[in-house]
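# what shape does this take:
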Amino acid sequence: MLTDLNVEWVSLADLGITLDVLEDGQTFRDNAWLKALGYGREAQLITLADDSGLEVDALDGAPGLYTARYGGAGLTHRERYEYLLTQLQEVPPAERTARFHCVIAVSNGAGEMLAEAEGVCEGHIALTPRGAQGFGYDPIFMPEGQEGRTMAELPATQKHRISHRGQALVQLAPQLTRLLGEK
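Now for the predicted structure:
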């Protein structure tokens with residue numbers, strides 16, 4: 001989504017980095033910073049890292065920081081969102097408010113934080129899964145303003161424009177442009 005920047009993007013796999021940074025922060029911001037700093041030091045490059053998750057109001061913000069592990073170890077994406085739906089089965093549609101939340105952090109190889117951005121996509125949890133696009137909780141998350149469609153029913157370009165990660169990247173782009181111009 002940042003393809004218009006004059007940057008050669010590489011992944012951890014491209015660099016042969018197998019480090020697993022411990023995400024023991026108390027917020028998405030904490031975990032994004034931990035990953036950006038840890039992987040930045042390891043790569044000795046400017047590094048982007050994000051942390052994101054789903055927050056459901058009727059579940060007091062769960063799964064939140066535990067979105068990827070919600071329901072227990074070893075579950076598939078489908079099993080995770082089905083578990084979440086069972087937790088909400090007595091909750092009426094109007095009270096199934098939720099949001100996807102993302103924080104992206106940027107660091108350098110010297111352990112300095114250079115930039116950060118945050119995005120939130122408000123919506124509701126559907127009664128049943130719909131759609132085949134996307135991943136994770138997309139089949140049960142209905143973003144506001146999308147005529148009741150789930151994220152998994154939206155074309156990728158539309159999803160990227162409204163998603164939590166897309167919003168954070170829009171905020172981050174000018175910061176990256178300034179940083180890269182100063183190099």
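# need the three-state assignment for Trp33.
helix (DSSP: H, G, I helix; E, B strand; the rest coil).
# would you agree it is in contact with Glu112?
No: the pair Trp33 / Glu112 is not scored as a contact, 11.2 Å apart, by Cβ atoms under 8 Å. The way it works is simple: take the backbone N, C-alpha and C, and place the C-beta from them, glycine included.
# which one of those two has more residues nearby?
More neighbours surround Trp33 than the other of Trp33 and Glu112, with 20 against 10 (other Cβ atoms under 10 Å).
# quick one: the nearest residue to the more buried one once chain neighbours are set aside from Gly181, how far?
Nearest non-adjacent residue to Trp33, counting by Cβ to Cβ, 6 or more residues apart in numbering: Ala105, 4.8 Å away. Going from Ala105 to Gly181 by Cβ to Cβ, to the nearest Å gives 20 Å.
# same question, Ala13
For Ala13 relative to Gly181 (Cβ to Cβ), the value is 28 Å.
# what is the helix or strand encompassing the residue nearest to Trp33 packed up against?
Applying DSSP states H and E as the criterion places Ala105 in strand 97-107. Helices and strands touching strand 97-107, by 3 or more Cβ pairs under 8 Å, 6 or more residues apart in numbering; DSSP states H and E, are helix 28-43, strand 47-56, strand 113-125, helix 164-182.
# how far away from the center of its chain is the last one?
Which is helix 164-182. Relative to its chain's centre, helix 164-182 lies at 16 Å (Cα atoms, centre = their mean, to the nearest Å).
# got the contact list for the helix or strand bottoming out on mean pLDDT in the chain?
Between all helices and strands in the chain, the lowest mean by mean pLDDT, DSSP states H and E belongs to helix 164-182, at a mean of 90. The contact list for helix 164-182 (Cβ atoms under 8 Å, 6 or more residues apart in numbering) reads 1-2, 4-7, 46, 48, 50, 52, 99-104, 106, 114-121, 159-160.
# try 6 Å this time
1, 100-102, 104, 114-115, 117-121, 160 (Cβ atoms under 6 Å, 6 or more residues apart in numbering).
# ok, these vs Glu79, which is closest?
Nearest to Glu79 among these is Phe100, at 19.2 Å by Cβ to Cβ.
# so what pLDDT did the closest one get?
pLDDT recorded at Phe100 is 97.
# quick check: chain neighbours aside, which residue is closest to the most centrally placed residue in the chain?
The centre of the chain sits closest to Ser52, judged by Cα atoms, centre = their mean, with a distance of 3.3 Å. Spatial nearest neighbour of Ser52, chain neighbours left out: Cys102 (3.7 Å); criterion: Cβ to Cβ, 6+ apart.
# name whatever forms a beta bridge with that neighbour.
Ser52, Gly119 (DSSP bridges).
# I'd say it and Cys121 touch.
No: Cys102 is beyond contact range of Cys121, at 8.3 Å (criterion: Cβ atoms under 6 Å).
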